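Student: I need the structure of the sequence given here:
(3 chains)
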Amino acid sequence: MSDRKKLVQVKNLKKYFNVGPNLVLKAVDDITFDIYEGETLGLVGESGCGKSTTGRTMIRLYDATGGEMLFDGRNVHKMSTTEQKEYTKQTQMIFQDPYASLNPRMTVGDIIGEGIDIHRIMSGKDRMGRIYELLQTVGLNREHANRFPHEFSGGQRQRIGIARALAIEPRFIICDEPISALDVSIQAQVVNLLIKLQKEMKLTYMFIAHDLSMVKHISDRVAVMYLGTMVELASSAELYQKPIHPYTQALLAAIPIPDPEIEQNRQRKLLEGDVPSPINPPSGCRFKGRCGYAKEICGCEMPSLREVAPNHYVACHIA
Amino acid sequence: MMEREKILEIKDLHVSFDTYAGEVQAVRGVTFDLYKAEAIAIVGESGCGKSVTAKSIMKLIPMPPGRIKKGNIVFNGRDITGFSRKQMEAIRGSEMGMIFQDPMTSLSPTMLVGKQIAEVLMQHQKIPKKKAMEKSIEMLKMVGIPNPESRAKQYPHEFSGGMRQRAMIAIALACSPKLLIADEPTTALDVTIQAQILELMKELKRKIDTSIILITHDLGVVAGMAERVMVMYAGKIVESGYIKDIFYDPKHPYTWGLLKSVPRLDAENKEELLPIIGTPPDLFSPPNGCAFAARCKYSMKICYTMQPEMTEAGPGHKAACWLLHSDSPRVERPEGIGRSCCNE
Amino acid sequence: MIEINKELFTHIGINEEYSEAINRPSMTYWKDAGRRLKKNKVAMAGIFILILFSLMAVFGPYMVEFTYNSNNYDIIHQPPNKVHWFGTDALGRDLWARVWMGARVSLFIGLVAAVIETIIGVVIGGLSGYVGGKFDLYMMRFIDIMIAIPELIFIILIMVIVGSGVLPIIIAFAITGWLRMARLVRGQILQLKEQEFVLAARTLGADTKRLVFRHLIPNTLGVIIVTLTMAVPGAIFYEAFLSFIGIGLRPPLSSWGQLANSGAQVFEQYPFELLIPAVFISLTMLSLNLLGDGLRDALDPRLRK
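Tutor: Reported below is the predicted structural model:
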């Protein structure tokens, strides 16, 4: 199993924001995980858990406050300018809001071709040829290249965003909530496209979302985040069948299943209270306020992610 | 079948918007009934007309550019289609309540939460301010907000998303209305909070005995809350029936498509999701035949030329599809949807 | 009603072309804005008036054989008549010619001052918004202080130092007028910076030049154009005011403000000498404001439907 190559290694990553005098928003607080080449790692959590910030820090839209990230063995934050340019070509991102992720003043063709233009990969006829190819790959028509983003539906715009990310042939794509803003049947279109592209182009994905059902479907392994910390990491099947962390259990219990008999007869214990704020978080385990099993040690010491079953990691003192 | 009291009857409702490009037919002929203390769901994707239908019942659509082109809305035995603003204001809040998707924009940011609840009570039940404030604290307690006395004196921005939604429910239910319309009430909430709110709504429905129209695109939410379901597409209802019929024995290809494109948490292996190819039609120029024909694997010549009527598929179960016509070839429901047993 | 027969039930299936087609005609943002502007009758009236005045400013003086500064003491203070369409002034000069020569000066000052203000404002505001940090902080405090000082006082101060004439006026306006534009542009840029399409460009590796010129500025143009259109009447008015109180332009140079000044002195006996330039000043300002309003509505994507 560990013969698989690690494409991305994140070690003790931290990202803090200063939001006022003596107020520190600890969006990402010391997380460590690896992503293997060719796999899809799902990252789930509710609002404020830091999953989006993690993705953006990994792609260097934000500078990390602490920790490091290795891509193909090389430290991302310590790269020379030429190495950085290479890294940019190898890691790309797909964004959440189909209505804000495309420049309204550019034609679709130019949007998709921007990466090609920036890195001067090709020009003229070759460039247009590649743009048409990409349009077709994502299920759109050649004629669409001259149109503007506002003329397309949400699902189509997301596909344009995917084409844009693919244009410079990356190896690793971070998908930041790419389907949350789409209708259900369109979500399936986009997810299927992503899966197909992964097989054909041997891509590695990190799939960030809050919809656990969809994440489970597309991911090989899933990591659960809560208030900036990673609380559980396991294969998607294992996470569903044997969730260990109390938060994961609560999360799974809350998800409605489209089946009336199951849904109406479910006996489940619902999580109480609200999602707390990531500003100046308390010491110890972040979940202790809502956890039914909290003990004294949970208040003092922050649990770290440890392997409690084969390839199943949990950050909890009780587990 | 016992004679249940009808709270709401929608008859052939057509709602259009007059825009720069022409007329957009948002709702093209919707008919359904709602009984006392019943919870129904209207399911569909964006643009299908479910929100417009709901807002039309409450007359919350700006007219112009919107207008009720055709049809009737009968609430509690009275035809409210032509009701004036004043008449609607008398009903809204007292007999009909509505909760919306985004609680931040539906609560007044400059008014104390307790006062917003009290206002509804004072306007419709004509009770004095002090009593209204007391009742509003009771309502906050009923919707599960801790420390209601101090919370009543706070502003909406001091509440979290889940709490604001609870406050909105409190406002909507303050006068114990006969009808509650919930337009995507949990879509903007985290999933653990969503579960709490849905539980709350179920509990309150039992207590107050109100009928609920739940509008959503989330089939899981529907499965837990509704007794009957209406599936909408391109401004029309394409299938309606009891919840078990819709989930276990659906008849319309769009419903099949919806059920097949949703991943289930309890799915054993990674079956491929079957998306519905293409995008919904532009209601500015809706097609002549069935609006779903261009995206339907089973479509026939007649589907492209004539719109199907709602045809009965079972007791209380109807679908608008030519496949149900006696001359149509038999089509098997695709694998993986519904169950083979429930056809008694 | 078509008859239902068995033949109609033959299978067709999915129509892929139809299902991904875009039915409405393609419209760029500008075309759509133009269309909406055309529908705005008031704004179109404004455009018409402005074009008319501009044409007259060029050709008007040639339509009569008198020049703007030919004195003729025999025909002073004549009311509008067949020979002198707008009448004559205190020195017997033809007012029609003077009005249109004045138009050249006033419109020129208004336009040039507005354009220079805009350029300064866009550069400073854009830089401030994009760079952020301490630069932005200090620049904004500076602008806050400057805005608090009444513009007119500043302009008069500068005029007193630099002297009077067309160039000094333009300089004075430019120095005081860029503040509003800078704030607006900065606001827009701050908002745009966090938009996902800008983030996407950054992830693709876009450099600053590309981000600013391809992504940020094109999406700010709407605000810039509207503000520029609204800045012109301000400049025209200030010029008129300055000339009216005697600081602006000196004769024989005529501007509308100059004419108004001369006309005011004989208002009781010969009202038309003030009224005529006043009407032109007002109409021009009104047209520009209406046009600016119309542009604002037309360029706002949210008001599309």
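
Student: does the residue of the stretch 151-300 of chain C found nearest chain B belong to a helix or a strand, and which?
Tutor: Relative to chain B, the nearest point of the stretch 151-300 of chain C is C:Ala298 (11.7 Å; CB to the nearest CB). All C-beta spots, glycine's among them, are computed from the backbone N, C-alpha and C. If you go by DSSP states H and E, C:Ala298 is part of helix C:272-299.

Student: And B:Met230, by the same measure?
Tutor: strand B:228-233.

Student: isn't B:Gly336 right up against B:Ser261?
Tutor: No: B:Gly336 is beyond contact range of B:Ser261, at 11.2 Å (criterion: CB atoms under 8 Å).

Student: Of the two, which one has the most company?
Tutor: Shown here are B:Gly336 and B:Ser261; by other CB atoms under 10 Å in any protein chain shown, B:Ser261 has more neighbours (21 against 13).

Student: Leaving out sequence neighbours, find the closest residue to that one.
Tutor: A:Ala188 (3.6 Å; CB to CB, 6 or more residues apart in numbering or on different chains).

Student: Point out where chain A drops to low pLDDT.
Tutor: Within chain A, the set of residues satisfying pLDDT under 70 comprises A:1-3.

Student: Right, and chain B sits closest to which residue of it?
Tutor: A:Pro256 (2.9 Å).

Student: Can you tell me what sits against the strand holding B:Met230?
Tutor: Here strand B:228-233 makes contact (CB atoms under 8 Å, 6 or more residues apart in numbering or on different chains) with B:30, B:32, B:38, B:40-45, B:48-50, B:53, B:222, B:237-243, B:246, B:252, B:254-255, B:258, B:280, B:291-292, B:316.

Student: now the nearest residue to the residue of chain A closest to chain B once chain neighbours are set aside, what's its secondary structure?
Tutor: Counting by CB to CB, 6+ apart, B:Gly220 is the residue found nearest to A:Pro256 once chain neighbours are left out, at 2.9 Å. What DSSP: H, G, I helix; E, B strand; the rest coil gives for B:Gly220 is helix.

Student: cool, C:Ala231 as well?
Tutor: At C:Ala231 the chain is in helix, as set by three-state DSSP.

Student: dump the residue contacts of the most centrally placed residue in chain C.
Tutor: Chain C has C:Thr229 as the residue nearest its centroid, 2.0 Å off, counting by CA atoms, centre = their mean. When contacts are counted by CB under 8 Å, 6+ apart, C:Thr229 touches C:288, C:291-292, C:295.

Student: Looking at the residues you listed, which one is closest to B:Lys130?
Tutor: Among these, C:Gly292 lies closest to B:Lys130 (CB to CB), at 52.2 Å.

Student: List the contacts of the closest one.
Tutor: By CB under 8 Å, 6+ apart, the contact set of C:Gly292 is C:226, C:229-230.

Student: Around the residue of the stretch 151-300 of chain B found nearest chain A, how many other residues sit close by?
Tutor: Chain A sits closest to B:Gly220 of the stretch 151-300 of chain B, with a gap of 2.9 Å, by CB to the nearest CB. Neighbours of B:Gly220 under the rule other CB under 10 Å: 22.

Student: Following element in sequence after the least confident helix or strand in chain B by mean pLDDT, please.
Tutor: Lowest mean confidence among the helices and strands of chain B (mean pLDDT, DSSP states H and E): helix B:103-106, at a mean of 79. Scanning forward in sequence from helix B:103-106 by DSSP H and E, the next helix or strand is helix B:113-125.

Student: what sits up against that following helix?
Tutor: Helix B:113-125 has contacts (CB under 8 Å, 6+ apart) with B:90, B:93-94, B:107-108, B:111, B:127-129, B:132-133, B:135-137, B:139-140, B:151-156, B:159, B:167, B:170-171, B:174-175.

Student: Mind checking which of these are buried?
Tutor: Burial by neighbour count, judged by 16 or more other CB atoms under 10 Å in any protein chain shown, picks out B:93-94, B:107, B:132-133, B:135-137, B:139-140, B:151-152, B:156, B:159, B:167, B:170-171, B:174-175 from these.

Student: still on that earlier bit, could you tell me how many residues sit around the residue of the stretch 151-300 of chain C closest to chain B?
Tutor: 21.

Student: didn't it look like it was pressed against C:Ala33?
Tutor: Yes: with contact defined as CB under 8 Å, C:Ala298 reaches C:Ala33; the gap is 4.4 Å.

Student: just to confirm, which helix or strand has residue 189 in it?
Tutor: Went with chain A since none was named. helix A:184-201.

Student: um, chain C though
Tutor: Going by DSSP H and E, C:Ile189 is part of helix C:166-193.

Student: What's the first helix or strand after that helix?
Tutor: Using DSSP H and E, the next helix or strand after helix C:166-193 towards the C-terminus is helix C:196-204.

Student: before we move on, what SS does residue 12 have?
Tutor: If you meant another chain, say so; for now it's chain A. What three-state DSSP gives for A:Asn12 is strand.

Student: ah, no, chain B please
Tutor: strand.

Student: Contact partners for the closest residue to it other than its chain neighbours?
Tutor: Using CB to CB, 6+ apart and skipping the chain neighbours, the partner closest in space to B:Asp12 is B:Gly71 (4.4 Å). Contacts for B:Gly71 (CB under 8 Å, 6+ apart) come out as B:10-14, B:29-30, B:81.

Student: what about B:Ile40, is that helix, strand or coil?
Tutor: Looking at B:Ile40 with three-state DSSP, the answer is strand.

Student: Walking through chain A, point out its strands one by one.
Tutor: A:6-20, A:23-36, A:40-44, A:66-71, A:74-75, A:91-94, A:172-176, A:204-209, A:221-226, A:229-235, A:306-309, A:312-314 (DSSP state E).
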